[in-house]
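Participant: Pasting the sequence and the predicted model now:
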Amino acid sequence: MPHSGPFFTILEVVFNPSRSAPRGNGSAVIAANMAASAGTNLWHLLFGIFAVFLFSFATLGTTMLAMRRSPWLATVGRLLALNGLFAFIVFAGQEELSYLMAHMGAARSWSPSGTGSILIRS
C-alpha cells in the first residue's frame, strides 16, 4: 500500500471534529470535541496514528528508491521528511490533549504541568 499514509491523513481530517472550529480559539476546539460522538473522535485518533506510522515507512521506501540515482538529494529529502513527520507527531499529541480536556469535565481553566502531558485543573 504505497499511498496509504496520505489516505489515512485524509481520513483523519474528515473525521476531525474540530476542523470547523475557528482558528486560534482553543475553547471552540474543546467544545467541538465535546459535541462530537465518541466514535468520531476514536476514528480520528486511530487514523492519525496509522498515518504517522505509515508515513515513516513511505519516506524510508522513497529514500531507498532515490538513493541509487542521487544519494545527496535522497539524504536531504529524508531529513526534511523526518522533520515534517516529527511535527505531525506533535500535532497528533495536541489533538489527543484537546480530546482529553473535552472529556475530563467542565473546568473553567486549565494550566499545563511542566511536562505538558498532564493537565491540572485550576
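Facilitator: On my side now, so go ahead. Numbers count the residues shown, from 1 in each chain.
Participant: Could you count how many residues lie near Ala51?
Facilitator: The number of residues packed near Ala51 is 24, by other Cβ atoms under 10 Å. All C-beta spots, glycine's among them, are computed from the backbone N, C-alpha and C.
Participant: Where do the helices of the chain begin and end?
Facilitator: 4-14, 26-35, 38-67, 71-102 (DSSP state H).
Participant: among the ones you listed, which is nearest Ser20?
Facilitator: helix 26-35 (6.7 Å; Cβ to Cβ).
Participant: the inter-axis angle of the closest one versus helix 38-67?
Facilitator: Per axes from the mean of the first three to the mean of the last three Cα atoms, to 10 degrees, the angle that helix 26-35 makes with helix 38-67 is 110 degrees.
Participant: so where's this protein uncertain?
Facilitator: Counting by pLDDT under 70, the ranges of the chain that qualify are 1-3, 24, 105-122.
Participant: Next, the contact list for the nearest residue to Thr9 once chain neighbours are set aside, please.
Facilitator: Among residues not flanking Thr9 along the chain, Ala51 sits closest, at 4.4 Å (Cβ to Cβ, 6 or more residues apart in numbering). Neighbouring residues of Ala51 by Cβ atoms under 8 Å, 6 or more residues apart in numbering: Gly5, Pro6, Phe8, Thr9, Glu12, Phe88.
Participant: Now do Ala51 against Ile10, distance only.
Facilitator: Ala51 sits 9 Å away from Ile10, going by Cβ to Cβ, to the nearest Å.
Participant: In contact with the residue at minimal distance from the centre of the chain, which residues are there?
Facilitator: With distances taken as Cα atoms, centre = their mean, Ala92 lies nearest the centre of the chain, 2.4 Å away. Taking Cβ under 8 Å, 6+ apart, we find Ala92 in contact with Leu45, Gly48, Ile49, Val52.
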